[in-house]
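*Asks:* predicted model and sequence follow; I will ask about them next.
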Amino acid sequence: MTGTVLDTATSLVKAPLLHKGKVRELYDLGEHLLIVVTDRISAFDYILKPGVPDKGYVLNTLSKFWFEQMAFFMPNHVVHTDVELLKEAIPDAAARELLKDRIMVAKKATRIPVECVVRGYITGGGWRQYQQTGFVNGRRLPEGLRKNQELDHPIFTPAAKNDVGHDEDISIDRMMEIVGEKVTLLLQEKSIMLYTLAHTYCEQRGIILADTKFEFGFIGDELIIIDELFTPDSSRYWEQDKYALDIDIDSMDKQPVRDYLSNSDWDMNSEPDELPASVVEETARRYKEIVHLLMD
């Protein structure tokens, strides 16, 4: 970790930019994709300033770690993560040093347009649905559940991908209409398997993996995991010693940013002011802490 902030790599990478997301940038290397993970941070559908030092390093390092851990159980899109093999696309040595541990060369896959969410605990958006209706994504849950309660079995609660705005929670029946019954059931099985494996690993390290989301794609007939895996941006991590029912548990991610914005006078409809240094520092600390807890 360097403590630097990478806002964009567009001036560093000499390859066509295919897509610039809230955090990731995708470049075309011909046969493969180059994914650059920046330090940009978003909340409430806005990209905020300044970025969080080393956030991209954390996300990329954790994804690499988890892809390696899960490779026996499920193939993924990773080709390599060595920036020194990219001298043609990133000819400048200083640029390669800046992008070290922030890149992933990936196989090109046909993305499945559904986000595969697994919830092991009833919290967050799932809890809000349950409070209002007793259902989550069209699935009835037992009566009398309490906020943050662990479910008897993890549940699969997909979301339709939207390139603009929030993804849309959908039922499994609706997912079947989009991608077919066979693919839906396969994705449900693989998603719950991956979540269960990671939940057990985290539990042994004093961490609760409350929920997570996956993206999958096809290369020919082969189903693979793409994008990121079990990062603080795609997963809700809790410290076991902070776990309790009926409260808002402080998660190990950009919670300080969300809390700050929610308690400020920002109207959530206009460009927000820059984040205070104290909020950025606390957020950076949390991202780095989860790396140490999971990998050390």
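*Replies:* Received the coordinates, thanks.

*Asks:* quick one: contacts of stretch 85-97?
*Replies:* 9, 12-15, 27, 29, 34, 83-84, 99, 103, 105 (Cβ atoms under 8 Å, 6 or more residues apart in numbering). (C-beta placed from N, C-alpha, C; glycine too.)

*Asks:* from one end of that stretch to the other, what's the distance?
*Replies:* 12 Å (Cα to Cα, to the nearest Å).

*Asks:* return the set of buried residues in that stretch.
*Replies:* Of all the residues in stretch 85-97, those buried under the rule 16 or more other Cβ atoms under 10 Å are Leu86, Ala89, Ile90, Ala95, Arg96.

*Asks:* again, but for stretch 288-296
*Replies:* Those buried within stretch 288-296 under the rule 16+ other Cβ under 10 Å are Lys288, Ile290, Val291, Leu294.

*Asks:* do stretch 252-271 as well
*Replies:* By neighbour count with 16+ other Cβ under 10 Å, stretch 252-271 contains the buried residues Met252, Asp253, Lys254, Gln255, Pro256, Val257, Tyr260, Leu261.

*Asks:* so which of these belong to helices?
*Replies:* If you go by DSSP state H, these have Gln255, Pro256, Val257, Tyr260, Leu261 in helices.

*Asks:* show me which of those residues is closest to Gly138.
*Replies:* Gln255 (28.5 Å; Cβ to Cβ).

*Asks:* contact partners for that closest one?
*Replies:* Arg286.

*Asks:* where does it land on pLDDT?
*Replies:* With respect to pLDDT, Gln255 has a value of 91.

*Asks:* reformat the buried residues of stretch 85-97 as CSV; add secondary structure and distance to Gln69.
*Replies:* Putting those into CSV (DSSP: H, G, I helix; E, B strand; the rest coil; distance: Cβ to Cβ, whole Å) gives the following:
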residue, secondary structure, distance to Gln69
Leu86, coil, 25
Ala89, coil, 28
Ile90, coil, 28
Ala95, helix, 30
Arg96, helix, 27
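
*Asks:* and Leu26, bridged to which residues?
*Replies:* His19, Ile35 (DSSP bridges).

*Asks:* no, scratch that, I was asking about Val78
*Replies:* Under the criterion used (DSSP bridges), Val78 bridges to Ala106.

*Asks:* okay, it: pLDDT?
*Replies:* 98.

*Asks:* who are the contact partners of Asn269?
*Replies:* Here Asn269 is in contact with no residues (criterion: Cβ under 8 Å, 6+ apart).
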